[in-house]
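Trainee: Got a predicted structure plus its sequence, pasted below:
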Amino acid sequence: MTRANDQTRGALGTAKARLLAAMSATKGLDKIESLIEAKLVSDAELLREIPRYLLTLGGKRMRPVLSLMMARALGQTTPTPALLDVAAGIELIHMATLLHDDIIDRSPLRRHQASPFVKYGLESTLLSGDFLLVRAFSLCARLDSFVIDSTEQACIELTEGEILEVPLDRGEHTIESSITIARKKTASLFWLATRTAAHLSGASPEIVEQCSRFGEKLGIAFQILDDILDVVASEDLLGKKSGIDIREKKPSLVNVLWVRSGSARAKALLSPAPISDDFVAESVTELRSSPVVHEARAMALRYTAEATAALDTIETKAPNVDRASVEHLRTLIEYTLERME
Ligand code: IPE
Ligand code: IPE
Ligand code: MG
Ligand code: MG
């Protein structure tokens, strides 16, 4: 390991440690966990077991954390029942997308264990995802039309994002289309978390828009990092199989930039021939020392800079801002760029 890597590792520990400290100062996460668990009831055993399996495997709870931190930053000292319901609903939607996404991506690992798709099979996992979506709607649809409409919009966008993610050998992709997919499939729930938190905190339309913008830009950066981690992270840290985006010829930002770079190996992503495990391993080795990863990281930085600009506006213009919580949101931005899991 090089000195540069050692230094990066030191910084990583710091961002994560500071995020964990910020999370422990964030009120309401335990309540959200209970709300989620309370929704995992069904007469059908598998509809209880599969979501519970996914829930107990862990996960970062990024989206509820974002909701709670944003509401607190806007002066809500204690999370309201409405905010807790939406935040729990968003995590349930996220869980549903993970169940469906692993079927689509044929992913063997999720949160360090066998993916629900591999453990329980396609049919039951698919239906469990549908079940979670309906349970989530029962939480979000209790609230006002702003929350209902925003939830609908986010869910439509994430479905569009997943369906637009046609493999590189079957569809035309550009940097722009790759970012659109990231925005739709991933940033939509970050957008929803910050937007509904602002609305439920009684923020003005201008502040609601800035909060939505913050969530969206952070979400795009989060997905770009996920694409980078697919090739640079160790499977042990990531808890997911690496190189899936290569094997599945996904239009991830890294893959699109790799094809554009003119790499001879990257041409295989454009051909219909299946990708072997050896090819994935060789590709990962090539990409780890290629400028492509730096290029992708530079793009992620541009999105986090936009998220930071939105947060600066919120801090300046929103009344009753809690500066400590704004700092927590800044830590979330840093963690997004530095995370290894
Ligand atoms: C994984 O999301 C799917 C993406 C949008 C990249 P997370 O990285 O938030 O997954 P968990 O919830 O922590 O497992
Ligand atoms: C995540 O995309 C999008 C979702 C809506 C779940 P990925 O396919 O890159 O997520 P991982 O890498 O499987 O977690
Ligand atoms: Mg996937
Ligand atoms: Mg991924």
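Mentor: Perfect, I can see it now. Numbers count the residues shown, from 1 in each chain. Ligands and ions are numbered 1, 2, ... in the order given.
Trainee: show me what contacts Ser42?
Mentor: By C-beta atoms under 8 Å, 6 or more residues apart in numbering, Ser42 lies in contact with Arg48, Phe131. Bear in mind the C-beta positions are built from the backbone N, C-alpha and C, glycine included.
Trainee: Go again with 10 Å.
Mentor: Taking C-beta atoms under 10 Å, 6 or more residues apart in numbering, we find Ser42 in contact with Arg48, Glu49, Pro51, Ser128, Phe131, Arg135.
Trainee: If you tally nearby residues, what's the number for Ala281?
Mentor: Neighbour count for Ala281, taken as other C-beta atoms under 10 Å: 13.
Trainee: Same question for His173.
Mentor: Here the number of neighbours of His173 (other C-beta under 10 Å) works out to 26.
Trainee: residue contacts, the nearest residue to it once chain neighbours are set aside?
Mentor: Once flanking residues are discounted, His173 sits nearest to Pro251: 3.9 Å by C-beta to C-beta, 6 or more residues apart in numbering. Applying C-beta under 10 Å, 6+ apart to Pro251 gives the contacts 164-168, 170-175, 177-178, 180-182, 227, 245, 259, 269.
Trainee: swap in Gly129?
Mentor: 50-51, 54, 93, 95-103, 116-117.
Trainee: Over to it. Which of the three states is it?
Mentor: Following DSSP: H, G, I helix; E, B strand; the rest coil, the label given to Gly129 is helix.
Trainee: Quick check: it vs ligand 1, distance?
Mentor: Look at Gly129 and ligand 1: by C-beta to the nearest ligand atom, to the nearest Å, they are 14 Å apart.
Trainee: tell me the secondary structure for the residue nearest to His173?
Mentor: coil.
Trainee: Can you tell me the closest non-neighbouring residue to Glu37?
Mentor: Counting by C-beta to C-beta, 6+ apart, the nearest residue to Glu37 once its immediate chain neighbours are dropped is Leu55, at 7.3 Å.
Trainee: Out of the contacts of Gly129, give me the two with the largest separation.
Mentor: Ile93 and Phe117 (17.8 Å; C-beta to C-beta).
Trainee: any idea how far Ile246 is from the residue of the chain at minimum distance from ligand 3?
Mentor: Closest contact between the chain and ligand 3, by C-beta to the ion, is at Asp105 (3.7 Å). To Ile246, Asp105 is 12 Å away according to C-beta to C-beta, to the nearest Å.
Trainee: Compare neighbour counts for those two and give me the winner.
Mentor: Taking other C-beta under 10 Å, Asp105 and Ile246 do not tie; Ile246 has more neighbours (26 against 19).
Trainee: Let me know the helix or strand that the more buried one is in.
Mentor: Secondary structure from DSSP states H and E places Ile246 in helix 244-247.
Trainee: Any chance you could list what contacts that helix?
Mentor: So helix 244-247 is contacted by 102, 105-109, 165, 167-168, 226-227, 229-231, 241, 250-255, 258, 265-266, 268-269, 274-277, 279-284, 287 (C-beta under 10 Å, 6+ apart).
Trainee: Just the buried residues of those residues.
Mentor: Neighbour counting with 16 or more other C-beta atoms under 10 Å marks 102, 105, 107, 109, 165, 167-168, 226-227, 229-231, 241, 250-255, 258, 266, 268-269, 275, 279-280, 283, 287 as buried within the contacts of helix 244-247.
Trainee: tell me which parts of the stretch 51-200 of the chain are close to ligand 1?
Mentor: Gly59, Lys60, Met62, Arg111, Thr186 (C-beta under 6 Å from any ligand atom).
Trainee: any idea how far Val256 is from the nearest residue to Glu91 once chain neighbours are set aside?
Mentor: Using C-beta to C-beta, 6+ apart and skipping the chain neighbours, the partner closest in space to Glu91 is Pro64 (5.1 Å). Distance from Pro64 to Val256, counting by C-beta to C-beta: 31 Å.
Trainee: Neighbour count for these two, which is higher?
Mentor: Using other C-beta under 10 Å, the more surrounded residue of Pro64 and Val256 is Pro64, with 29 against 25.
Trainee: The more buried one and Glu209: what is the separation?
Mentor: Counting by C-beta to C-beta, the gap from Pro64 to Glu209 is 22 Å.
Trainee: Then Leu29?
Mentor: Distance from Leu29 to Glu209, by C-beta to C-beta: 26 Å.
Trainee: Ok, Ala82 next?
Mentor: Separation of Ala82 from Glu209 (C-beta to C-beta) stands at 20 Å.
Trainee: Can you tell me the centre-most residue of the chain?
Mentor: Nearest to the geometric centre of the chain sits Thr186, at 5.2 Å (C-alpha atoms, centre = their mean).
Trainee: Pro79 - nearest residue in space that isn't next to it in sequence?
Mentor: Gly28 (3.9 Å).
Trainee: Tell me the residues on the chain that lie near ligand 3, please.
Mentor: Proximity of the chain to ligand 3 (C-beta under 5 Å from the ion) is limited to residues Asp101, Asp105.
Trainee: Report the residue spans of the chain with pLDDT below the cut-off.
Mentor: Residues of the chain meeting the criterion pLDDT under 70: 1-13.
Trainee: mind listing the strands in it by residue range?
Mentor: In the chain, the strands defined using DSSP state E lie at 109-110, 113-114.
Trainee: and the ones you listed as TSV, adding distance to Ala15?
Mentor: Formatted as TSV, these follow (distance: least, C-beta to C-beta, whole Å):
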stretch	distance to Ala15
strand 109-110	24
strand 113-114	25
